[in-house]
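Chemist: Output the structure for:
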Amino acid sequence: MLLDYIINNVWICVILWAVLYASDYMLTIVGARLYQQGVQKYIYFEKGYELNPYFEKDVAQLKLFSSRFVFMLLGTSASIFIARLALDIVFKSSPAMQLKMFEIVAGCFILMELAIHGRHFRNILFFKKLMRSLGIDGRIEYSRWLSHYMSSIELLWSAFFYFIIFLLTGRFFFIGGALSCLAVASKSEKIAQKK
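Modeler: Model (predicted):
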């Protein structure tokens with residue numbers, strides 16, 4: 001099974017993560033470019049398209065190469081590899097437990113990115129319709145807190161979906177995805193409450 005292959009080969013997991021993380025950034029730039037090229041006529045996001053403050057400036061400038069992105073890519077990729085090494089040490093006497101725990105870690109990283117990719121594809125397809133003035137009249141302005149709140153709702157839905165898949169399959173990979181989506185949804189909800 002493909003999932004077992006990914007979990008048993010840390011380098012495959014890291015490569016898959018890196019590809020997903022890089023495509024997340026590229027899709028963010030595509031969405032931001034569409035937003036700046038005409039979608040703002042219909043939808044205005046307070047403080048811009050990007051919700052993550054760490055990348056706000058780079059995305060607003062449509063930077064295809066971002067040193068911040070490279071730093072995060074290297075750091076998160078290294079953390080997956082380090083997590084695998086740490087689990088090997090902690091659960092040395094139980095290889096089965098090592099794999100289950102690493103499956104959770106891999107799910108946290110990979111499934112969170114898949115949830116975010118879903119949002120990117122939805123935005124890009126929606127923005128392309130807006131660029132041709134299809135299906136909308138007027139202008140909507142989203143305050144920053146509302147954007148964070150909507151993000152938290154989408155991630156809660158993804159967490160629920162992953163939890164259901166875990167119940168159906170018993171694969172800990174999906175618990176990892178549910179946990180990471182819950183964590184980021186909670187963070188977005190707290191930001192929304194602050195604003």
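
Chemist: Same question for the helix or strand harbouring Ser186: list its buried residues.
Modeler: With secondary structure defined by DSSP states H and E, Ser186 is part of helix 172-194. By 16 or more other CB atoms under 10 Å, the buried positions in helix 172-194 come out as 172-182, 184-185, 188-189, 191-192. (Glycine included, C-beta is placed from N, CA and C.)

Chemist: What are the boundaries of the helices in this protein?
Modeler: With DSSP state H as the definition, the chain shows helices at residue ranges 2-8, 10-36, 56-60, 67-90, 95-131, 144-169, 172-194.

Chemist: These: which one's closest to Tyr42?
Modeler: helix 95-131 (5.0 Å; CB to CB).

Chemist: any weak-confidence spans in the chain?
Modeler: Counting by pLDDT under 70, the chain shows low-confidence ranges at 134, 195.

Chemist: now the helices of the chain in a markdown table, with distance to Lys47?
Modeler: As requested, the helices of the chain are exported to a markdown table (distance: least, CB to CB, whole Å):
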| stretch | distance to Lys47 |
| --- | --- |
| helix 2-8 | 36 |
| helix 10-36 | 12 |
| helix 56-60 | 7 |
| helix 67-90 | 17 |
| helix 95-131 | 16 |
| helix 144-169 | 5 |
| helix 172-194 | 12 |
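
Chemist: Can you pull the phi/psi pair for the residue of the chain most remote from its centre?
Modeler: Relative to the C-alpha centroid of the chain, counting by CA atoms, centre = their mean, Ser93 is the outermost residue, at 33.7 Å. According to degrees, to the nearest 10, the main-chain angles of Ser93 amount to phi -80, psi 0.

Chemist: tell me the contacts of the closest residue to Leu146 other than its chain neighbours?
Modeler: Residue nearest to Leu146 in three dimensions, not counting chain neighbours: Ala192, with 7.3 Å by CB to CB, 6 or more residues apart in numbering. Residues counted as contacts of Ala192 (CB atoms under 8 Å, 6 or more residues apart in numbering) are 145-146, 148-149, 152.
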